[in-house]
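Engineer: got a predicted structure here, sequence first:
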Amino acid sequence: MSIFEYNGSALVAMVGKNCFAIASDRRLGVQLQTIATDFQRIFKIHDKVYVGLAGLATDAQTLYQRLVFRHKLYQLREERDMKLVLEIKIVYNAMRFLMFCRFGPYFCQPVIAGLGDDDKPFICTMDSIGAKELAKDFVVAGTASESLYGACESMYKPDMEPEELFETISQALQASVDRDCLSGWGGHVFLVGAMIGLKEYWNLQQLVD
């Protein structure tokens, strides 16, 4: 078994009309043994940027702590939140830097979702050495990625409204984890967007059982 599959994971981000959704399963396992059913894989960096980390659970938590550390230093120095482009560079640099500090990179597949300067949604994913994969519709990661690709390709439609986007990504996640023995136990779904004109950012977290 690959070290990336040791704890199991399912992670997907999808773009809608002036919003995005990012979802993950809740299972933490040691190969086929389930350890916990409320594990968090999606982390809020600030109101406009969320990062999901699939792969080895311990490396995911360490990488998240390094990202928060870098972002807080930036906030203290610049007195503002980091832009989405800089967040992507921080994730890339953090994953590349560790290759020279230990036996290998972080065993993680990050999924980055956020709103750009013009409040247009942006999603991307990376491999363990920071190589980016950009998409305009959806990105997936984790042990359930193959079934997630199939479910998302059949269910995704461009310019979905928030309610439809939430329903689509929830159904895709549920259908996919049912076909993967290393992920499951429901999911976390984050729906994030901007109210046009008011510049107020809202987010919605729901559990899917």
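Structural biologist: Arrived safely. Residues are numbered from 1 along each chain as shown.

Engineer: who are the contact partners of the most centrally placed residue in the chain?
Structural biologist: Central residue check for the chain by CA atoms, centre = their mean: the C-alpha nearest the mean position is that of G52, 2.5 Å away. Going by CB atoms under 8 Å, 6 or more residues apart in numbering, G52 touches L11, A13, I22, S24, R41, I42, F43, P110, V111, I112, A113, A141. To be clear about C-beta, it is placed using only N, CA and C from the backbone, and glycine gets the same treatment.

Engineer: hmm, try it at 6 Å
Structural biologist: L11, I22, S24, R41, I42, V111 (CB atoms under 6 Å, 6 or more residues apart in numbering).

Engineer: in a strand, it, correct?
Structural biologist: Yes. G52 forms part of a strand when assessed by DSSP: H, G, I helix; E, B strand; the rest coil.

Engineer: that one pairs with what?
Structural biologist: Note on G52: beta-bridge partners I42, V111, judged by DSSP bridges.

Engineer: circling back to that earlier point, same list (the contacts of G52) but as JSON lines, adding distance to F69, pLDDT and neighbour count.
Structural biologist: Formatted as JSON lines, the contacts of G52 follow (distance: CB to CB, whole Å; pLDDT from 0 to 100; neighbours: other CB atoms under 10 Å):
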{"residue": "L11", "distance to F69": "22", "pLDDT": "94", "neighbour count": "30"}
{"residue": "I22", "distance to F69": "22", "pLDDT": "93", "neighbour count": "25"}
{"residue": "S24", "distance to F69": "22", "pLDDT": "92", "neighbour count": "28"}
{"residue": "R41", "distance to F69": "19", "pLDDT": "92", "neighbour count": "31"}
{"residue": "I42", "distance to F69": "18", "pLDDT": "92", "neighbour count": "21"}
{"residue": "V111", "distance to F69": "20", "pLDDT": "91", "neighbour count": "29"}
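
Engineer: quick revisit: okay, the residue nearest to the centre of the chain and F138: tell me how far apart.
Structural biologist: Going from G52 to F138 by CB to CB, to the nearest Å gives 12 Å.

Engineer: contacting residues for I45?
Structural biologist: V51, H71.

Engineer: just the pLDDT at L76, thanks.
Structural biologist: pLDDT recorded at L76 is 89.

Engineer: helix or strand: which one has it?
Structural biologist: Using DSSP states H and E, L76 falls within helix 57-78.

Engineer: got it, and G193?
Structural biologist: Using DSSP H and E, G193 falls within strand 187-195.
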